[in-house]
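Novice: I'll drop the sequence and a predicted model, then ask my questions.
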Amino acid sequence: MSKLRSDEIASALQQALDRHSDNLQLESIGTVIQVRDGIAEVYGLDGVSAGEMVEFEGGERGLALNLNEESVGVIILDNFEGIKEGGVVKRLNRQLEIPVGNTLLGRVVDALGRPLDGKGEISKEQTRPIEFVAPRVLERKGVHEPLQTGIKAIDAMVPIGRGQRELVIGDRQIGKTAILIDTIINQKDTDVHCIYVAIGQKGSAVKEVVEALEAHDAMSYTTVVSAPASAPATLQFLAPYAGAAMGEHYMFGGEHSLVIYDDLSKQANAYREVSLLLRRPPGREAFPGDVFYLHSRLLERAAKMSDEKGAGSMTALPVIETLEGNETAYIPTNVISITDGQIFLFPGLFNSGIKPAINVGLSVSRVGGNAQTGIIKKLGGNLRLELAQFREIEAFAKFGSDLDARTQARLTRGQRMVELLKQGQFAPLSVSHQAVVLYAGTNGYLDSFPIASVGRFERELLAFAPTFDADLLPTIQKEPKLTEEIGERLKKLLDAFVKGFEA
Ligand SMILES: Nc1ncnc2c1ncn2[C@@H]1O[C@H](COP(=O)(O)OP(=O)(O)O)[C@@H](O)[C@H]1O
Ligand SMILES: [Mg+2]
């Protein structure tokens with residue numbers, strides 16, 4: 001230890017002793033050595049654990065984070081202007097807790113659950129610790145119930161189940177957030193409570209998200225945790241854990257939640273900033289050595305609980321923003337290794353009009369297939385493979401070589417399926433609608449029509465369906481199975497529709 005530093009500590013201690021010599025003995029206390037940018041370095045605080053609350057002299061609260069041998073790094077949670085070097089800090093012997101539960105629905109709050117929307121107080125009747133140990137394997141059950149995103153390409157080819165952790169990854173501005181917002185909108189009329197955690201985004205972007213959710217009646221079952229770029233790095237770092245705590249409230253209560261972390265790249269950056277302030281040695285890409293643990297302990301908390309534990313679930317959809325598609329950078333590879341699969345978005349697809357810009361070859365869902373809705377699984381079963389083959393054929397068809405009939409048919413089908421899987425924003429499709437659309441595409445009903453007509457074909461087909469067989473869509477919606485009878489009715493519907501469809 002340098003001479004200067006020991007002197008610093010000694011004088012800080014002396015000052016504290018002078019002022020508080022009478023009540024020092026009983027509590028575990030510490031002394032502020034240094035304060036900067038919302039972080040205090042504190043000497044003392046014997047026995048304090050990471051994540052424990054402390055209190056400064058003026059009543060400001062702090063969160064112990066970095067436990068060095070000689071000092072403790074404390075994130076200051078309140079206004080830190082009154083905190084001075086030499087001030088006393090005491091342990092509160094409890095973890096940081098935030099409000100949870102239905103009081104938060106429809107609200108926009110910060111990482112500590114404090115309102116940001118001017119809509120009045122938030123009840124602190126129910127709280128949970130911001131950090132919590134993830135459910136053990138024995139307390140969990142395999143993912144087996146679908147979480148429908150309403151996005152055809154995802155539900156058919158990269159299905160997500162309740163309790164799953166599926167990464168959404170890609171460069172900026174290619175529709176990552178759009179997918180997540182549509183997934184929230186699609187939870188309307190389900191029992192899934194949604195929590196959207198916005199980390200390091202522009203304030204205006206968060207506002208747009210909230211407005212979109214409001215416009216689609218989705219805020220009544222949703223909480224937005226906002227830690228924008230303008231918020232302190234400490235709150236950007238904490239925000240995802242707050243979101244997880246809010247989701248756990250439902251999961252441990254036998255209910256269901258969906259928590260979106262948009263995005264964890266920015267959280268990692270905030271953590272890097274906090275760590276530098278705490279003078280931790282930087283490692284790879286200047287991130288502190290435990291940045292992997294940062295994300296694994298967060299995502300581990302998502303689970304499907306066993307029946308004995310109430311059968312609740314928390315689904316996690318973390319987002320990673322890549323730079324020029326580089327998924328091999330440190331943070332992306334870490335998060336890919338922690339999640340149960342990833343939805344890979346590609347700028348090339350986006351720019352050529354294929355939206356959502358999902359790269360089917362690279363996107364996987366390692367557990368969601370077990371949870372996929374029956375009829376969608378049957379109808380979309382071969383889609384991944386067909387599209388992969390189509391991409392190969394497409395590549396060499398460009399060279400103008402003569403194609404045999406079989407290859408030409410595959411090309412025709414593939415082009416139409418790509419077109420059919422395009423989907424605009426704010427238009428998630430129900431299971432029954434998806435079933436009708438997939439049935440049409442995979443059974444070749446589109447093959448004889450021009451590619452340019454596919455979008456209109458879909459719209460008109462969905463409008464026609466209830467007029468032709470009023471009870472078909474509700475029946476599929478209620479029991480989403482491709483029975484022989486349902487197959488027959490779908491066939492009749494399509495045969496009738498294509499007769500009247502003008503390309
Ligand atoms: N499926 C889609 N159809 C049409 N436009 C879309 C679609 N998805 C995204 N967009 C538009 O693309 C832009 C970028 O989308 P966004 O979700 O904000 O990207 P990211 O989160 O990847 O930065 C937005 O203007 C959005 O409205
Ligand atoms: Mg985004």
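Specialist: Cool, got the structure. Numbering: from 1, shown residues only. Ligands and ions are numbered 1, 2, ... in the order given.

Novice: Do a quick rundown of the helices in the stretch 1-150 of the chain.
Specialist: Under the criterion DSSP state H, counting those that start in this stretch, the stretch 1-150 of the chain contains helices at 3-20.

Novice: Could you tell me which ranges of it sit under the pLDDT cut-off?
Specialist: Filtered on pLDDT under 70, the stretch 1-150 of the chain yields the residue ranges 1-4, 13, 16-27.

Novice: swap the cut-off to 90 and go again
Specialist: 1-28, 36-38, 46-47, 49-51, 65-71, 78-81 (pLDDT under 90).

Novice: what domains does the record give for this protein?
Specialist: With domains defined by automatic domain parsing, the chain comprises 3-94, 99-372, 379-500.

Novice: Residue in the stretch 251-400 of the chain with the shortest distance to ligand 1?
Specialist: Lys355 (3.6 Å; CB to the nearest ligand atom). Using the backbone N, CA and C atoms, a C-beta is placed for each residue, glycine as well.

Novice: was I right about Ala205 contacting Tyr196?
Specialist: No - Ala205 lies out of contact with Tyr196 (CB atoms under 8 Å); the separation is 11.7 Å.

Novice: Which one of these two is surrounded by more residues?
Specialist: Comparing Ala205 with Tyr196 by other CB atoms under 10 Å, the one with more neighbours is Tyr196, at 28 against 13.

Novice: Am I right that Leu223 falls within a helix?
Specialist: To be clear, residue 223 is Thr; Leu isn't right here. No - assignment of Thr223 by DSSP: H, G, I helix; E, B strand; the rest coil gives strand, placing it outside any helix.

Novice: can you count the residues close to it?
Specialist: Based on other CB under 10 Å, the number of other residues close to Thr223 is 28.

Novice: Same question for the one 4 residues further on.
Specialist: When neighbours are defined as other CB under 10 Å, Ala227 has 31 of them.

Novice: so where do the strands sit in the stretch 1-150 of the chain?
Specialist: 29-36, 39-44, 52-56, 61-67, 72-76, 88-95, 97-99, 108-109, 127-129 (DSSP state E, counting those that start in this stretch).

Novice: is it possible to export those to a markdown table including mean neighbour count and distance to ligand 1?
Specialist: As requested, the strands of the stretch 1-150 of the chain are exported to a markdown table (neighbours: other CB atoms under 10 Å; distance: least, CB to the nearest ligand atom, whole Å):
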| stretch | mean neighbour count | distance to ligand 1 |
| --- | --- | --- |
| strand 29-36 | 20 | 32 |
| strand 39-44 | 24 | 30 |
| strand 52-56 | 22 | 34 |
| strand 61-67 | 20 | 29 |
| strand 72-76 | 25 | 28 |
| strand 88-95 | 18 | 33 |
| strand 97-99 | 22 | 26 |
| strand 108-109 | 24 | 18 |
| strand 127-129 | 18 | 29 |
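
Novice: Which positions in the stretch 51-200 of the chain make contact with ligand 1?
Specialist: Taking CB under 6 Å from any ligand atom, the part of the stretch 51-200 of the chain that reaches ligand 1 is made up of Arg172, Gln173, Ile174, Gly175, Lys176, Thr177, Ala178.

Novice: Provide a PyMOL selection command restricted to the buried entries of the residues you listed.
Specialist: Typed into PyMOL, the line below selects the buried ones among these, using 16 or more other CB atoms under 10 Å:
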select buried, resi 174+175+176+177+178
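
Novice: so which two of the residues of the stretch 51-200 of the chain next to ligand 1 are the farthest from each other?
Specialist: Arg172 and Ala178 (12.4 Å; CB to CB).

Novice: How about the residues of the chain by ligand 2?
Specialist: Residues of the chain lying close to ligand 2 by CB under 5 Å from the ion are Lys176, Thr177.

Novice: try 6 Å
Specialist: Within reach of ligand 2 by CB under 6 Å from the ion, the chain has these residues: Lys176, Thr177, Asp262.

Novice: Let me know the secondary structure of Leu213.
Specialist: helix.

Novice: picking that back up, among the residues of the chain next to ligand 2, which ones are in helices?
Specialist: If you go by DSSP state H, these have Lys176, Thr177 in helices.

Novice: could the residues of the chain next to ligand 2 be laid out in CSV, adding pLDDT and distance to Leu420?
Specialist: Output for these, formatted as CSV (pLDDT from 0 to 100; distance: CB to CB, whole Å):
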residue, pLDDT, distance to Leu420
Lys176, 98, 22
Thr177, 98, 24
Asp262, 98, 28
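
Novice: Out of the residues of the chain next to ligand 2, which comes closest to Gly82?
Specialist: Asp262 (33.8 Å).

Novice: Next one: the residue of the stretch 251-400 of the chain closest to ligand 1 relative to ligand 2, how far apart?
Specialist: 14 Å (CB to the ion, to the nearest Å).

Novice: and that residue, which of the three is it?
Specialist: Classified using three-state DSSP, Lys355 is coil.

Novice: Kindly report the same for Ala245.
Specialist: Quick answer, by three-state DSSP: Ala245 is helix.

Novice: repeat for Tyr196
Specialist: strand.

Novice: Could you find the closest non-adjacent residue to the residue of the stretch 351-500 of the chain found nearest ligand 2?
Specialist: When distances are taken as CB to the ion, the stretch 351-500 of the chain reaches nearest to ligand 2 at Gln425, 12.4 Å away. Closest residue to Gln425 apart from its sequence neighbours, by CB to CB, 6 or more residues apart in numbering: Ala178 at 5.1 Å.
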